[in-house]
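[1] A structural model of the following input is requested.
(one chain, ligands or ions: 2)
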Amino acid sequence: MNRNSAIVVVDMLYDFIDGTLACLNAEDAVEHTVSFLKANENHTWGNPPVLFIRDCHPSNHCSFKSMGVDWPEHCVEGTHGAQIHEKLLGFVNEDLTFFKGKDPSKEQYSGAEGLNAASQTLVDVLNILDCENIYVCGIATEFCVLNTVEDLLKAGFAVTVLQDCLAYVSKDGHDAALKEMKKSGAKIV
Ligand code: VGL
Ligand code: ZN
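    Numbering: from 1, shown residues only. Ligands and ions are numbered 1, 2, ... in the order given. Just a heads-up that it's a prediction; the model follows:
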């Protein structure tokens, strides 16, 4: 990690950890993420920016089974399930928090489609902060992590995926997504 590095934490939200869409390895992924964040504080040049992605849906979101599609209701705006895990709260900065999935008619798996409170995108803010090397962790490997990583690579960032800091819907899906990200140019560590 150097002064041009940043860490992106994708959807480490209660519904994906122990809620309606609880993913495999989620509690361990949170623990490993906290360890990684703590181990990377207080460099000689300061702390790396930590950017959080938050899935955040209206109750009539198009991805819900009640609407005839894929997922149980999850990360409904204002509910406990949509909150970031408490162990990570000390690292959260409002300006570096990006919400996606608010439009009821659109599925948005990629963190790159999210916006912060000032309507900036993840890529806007990474560029403003002069970050080139992006460390990515979060949930779920084969959906939001995969899509976020692919978009960051397309935008020209060097991406490192922290595999101990991932949780997933299925182990096979996780393994396939890691292969795909590696093929696209991400470093898996
Ligand atoms: C996600 C399913 C539905 C994710 C979000 O964060 O990977 N998966 N919404
Ligand atoms: Zn969602």
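
[2] and the gap between Tyr93 and Asn47?
    Let me fix one detail, which is that residue 93 is Asn and not Tyr. Here the criterion is CB to CB, to the nearest Å. By it, Asn93 lies 10 Å from Asn47. Glycine gets a C-beta too; all of them are placed from N, C-alpha and C.

[3] near ligand 1, which residues of this protein?
    Taking CB under 6 Å from any ligand atom as the criterion, the neighbours of ligand 1 within the chain are 11, 16, 55, 63, 71, 139-140, 143-144.

[4] for this protein, what spans make up the helices?
    With DSSP state H applied, the chain shows helices at 14-17, 26-39, 122-128, 146-154, 171-183, listed in chain order.

[5] For my notes, please list those in JSON lines and give mean neighbour count for each entry.
    Compiled in JSON lines, the helices of the chain are given as follows (neighbours: other CB atoms under 10 Å):
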{"stretch": "helix 14-17", "mean neighbour count": "24"}
{"stretch": "helix 26-39", "mean neighbour count": "17"}
{"stretch": "helix 122-128", "mean neighbour count": "18"}
{"stretch": "helix 146-154", "mean neighbour count": "22"}
{"stretch": "helix 171-183", "mean neighbour count": "15"}
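
[6] export those helices to JSON lines and tack on distance to Pro104 and mean pLDDT?
    Putting the helices of the chain into JSON lines (distance: least, CB to CB, whole Å; pLDDT from 0 to 100) gives the following:
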{"stretch": "helix 14-17", "distance to Pro104": "17", "mean pLDDT": "98"}
{"stretch": "helix 26-39", "distance to Pro104": "26", "mean pLDDT": "98"}
{"stretch": "helix 122-128", "distance to Pro104": "22", "mean pLDDT": "98"}
{"stretch": "helix 146-154", "distance to Pro104": "19", "mean pLDDT": "98"}
{"stretch": "helix 171-183", "distance to Pro104": "26", "mean pLDDT": "98"}
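
[7] Ok, which of the ones you listed comes nearest His80?
    Among those, helix 14-17 comes nearest to His80, with 5.7 Å by CB to CB.

[8] got the contact list for the closest one?
    Residues outside helix 14-17 that contact it (CB atoms under 8 Å, 6 or more residues apart in numbering): 21-23, 26-27, 30, 55, 74-75, 79-83, 85, 139-140, 167.

[9] among the residues you listed, which ones are buried?
    21-23, 26, 30, 55, 74-75, 79, 81-83, 85, 139-140, 167 (16 or more other CB atoms under 10 Å).
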